[in-house]
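In: have a look at this fold, sequence not included:
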């Protein structure tokens, strides 16, 4: 019976992050010992009351019916205002479609662009779910890896050489999960010019655009784009507004794609519930205050973790420019999944295995530091004996 289902499903494995997390949960169940999680990409501060109060009011008002697939007019207008302010662009509300999380946005973009056998160039290490979306479309991945020495860098010529006339889609996640690497606007211009020349699509995951440690936001491909560009940009409320569990993201796209995105949303989720959209509007209207609070905490957490771990002798580590992870090379982590499981047994700390982000990450581990200093101090005290 199992052989009768879509064969592409077998090509997708449970992500190594979930494998380690489930191992940790079972460890707690079997031993009674608490495992301290630093494996997932979220903080431990809940959503601000500004957002959930507006959502509760919308629920009380009975806003619980089917709604516009691309988002209610008010939310699309607010996204447009936000993006235009952030990146000095002039997008219209019809260039933005709200979706149930950035991940669904990526999947929908792959469904729109990719057919069987198409080539996709990906810059890695990168969040693993993009690979699954490509595999489900029966497309082919050509991965260009970042280089790591004292920091993470991209060999731009290597990327440009990989993008050929056979390339259908280029996927770039900047600011990057897991490394904290970012493209600058000059590099983005070179890439965009090359993509135009090769007439392929560019899918830019800019979910972490507000999680930067200098300035108010990262540079965006949108700031350099023209209306006719084959550019799709993914964003999310999860990281900047402490809304991971709300599952609200958005796609910025050429206006003519709106009706096609609406069809794919319709057969996926029918749309983001209206009461959640009302809460998200409040987040967009108060983004400066909300992001200021998030970044104030992250500056403290990043510096605390980095300043302690940089002295540990068994690690090679850099200070991230963006996002909220340390992605570090560990001398003994040649099989990062097994290493993380053993680490749980020894220290009761859960990290994400580097192989989850691509084969080149197998000597690396990811620690999410989006937490308060007390929690971080506890896990670092447990980890220090292993890495120092």
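Out: Structure received. On a predicted model such as this, the values are computed, not experimentally measured, just so you know.

In: who are the contact partners of the nearest residue to residue 67 once chain neighbours are set aside?
Out: Leaving aside its sequence neighbours, residue 67 sits nearest to residue 274 (C-beta to C-beta, 6 or more residues apart in numbering; 4.4 Å). Backbone N, C-alpha and C define where each C-beta goes, glycine included. Residue 274 makes contact with 58, 63-65, 67, 72, according to C-beta atoms under 8 Å, 6 or more residues apart in numbering.

In: select only the buried ones of those residues in ChimeraX?
Out: To isolate the buried ones among the contacts of residue 274 in ChimeraX, judged by 16 or more other C-beta atoms under 10 Å, type:
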select :58,63,67,72
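
In: how near is residue 108 to residue 118?
Out: Residue 108 sits 16 Å away from residue 118, going by C-beta to C-beta, to the nearest Å.

In: over to residue 253?
Out: Noted for residue 253: a distance of 18 Å to residue 118, by C-beta to C-beta.

In: and what of residue 39?
Out: As defined by C-beta to C-beta, residue 39 lies at a distance of 32 Å from residue 118.

In: quick one, which of the two is more surrounded?
Out: Set side by side, residue 39 and residue 118 show more neighbours around residue 39, with 24 against 19, by other C-beta atoms under 10 Å.

In: thinking the more buried one is in contact with residue 20, fair?
Out: Yes. Under the criterion of C-beta atoms under 8 Å, residue 39 makes contact with residue 20 at 5.9 Å.

In: can you work out which residues contact both of these two?
Out: In contact with both residue 39 and residue 20: 340, 350-352, using C-beta under 8 Å, 6+ apart.

In: contacting residues around stretch 144-160?
Out: Contacts for stretch 144-160 (C-beta under 8 Å, 6+ apart): 121-125, 162, 176, 179-181, 183, 187, 190-191, 194, 316, 318, 327, 329, 358, 360.

In: got the buried residues for stretch 14-29?
Out: Residues 15-17, 19-21, 23-24, 27 are the ones in stretch 14-29 that count as buried (16+ other C-beta under 10 Å).

In: for this structure, which segments count as helices?
Out: Here the chain has its helices, by DSSP state H, at 16-31, 49-60, 73-87, 102-113, 129-136, 156-162, 185-198, 258-266, 274-285, 287-309, 336-347, 373-387.

In: adding distance to residue 149, write the ones you listed out as JSON lines.
Out: Below are the helices of the chain laid out as JSON lines (distance: least, C-beta to C-beta, whole Å):
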{"stretch": "helix 16-31", "distance to residue 149": "25"}
{"stretch": "helix 49-60", "distance to residue 149": "41"}
{"stretch": "helix 73-87", "distance to residue 149": "31"}
{"stretch": "helix 102-113", "distance to residue 149": "30"}
{"stretch": "helix 129-136", "distance to residue 149": "25"}
{"stretch": "helix 156-162", "distance to residue 149": "15"}
{"stretch": "helix 185-198", "distance to residue 149": "18"}
{"stretch": "helix 258-266", "distance to residue 149": "40"}
{"stretch": "helix 274-285", "distance to residue 149": "38"}
{"stretch": "helix 287-309", "distance to residue 149": "17"}
{"stretch": "helix 336-347", "distance to residue 149": "20"}
{"stretch": "helix 373-387", "distance to residue 149": "19"}
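
In: mean pLDDT and distance to residue 145 added to those, as CSV?
Out: Listed next are those as CSV, based on pLDDT from 0 to 100; distance: least, C-beta to C-beta, whole Å:
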stretch, mean pLDDT, distance to residue 145
helix 16-31, 95, 17
helix 49-60, 95, 38
helix 73-87, 98, 28
helix 102-113, 97, 20
helix 129-136, 92, 14
helix 156-162, 98, 9
helix 185-198, 98, 16
helix 258-266, 97, 31
helix 274-285, 97, 35
helix 287-309, 96, 23
helix 336-347, 96, 16
helix 373-387, 94, 24
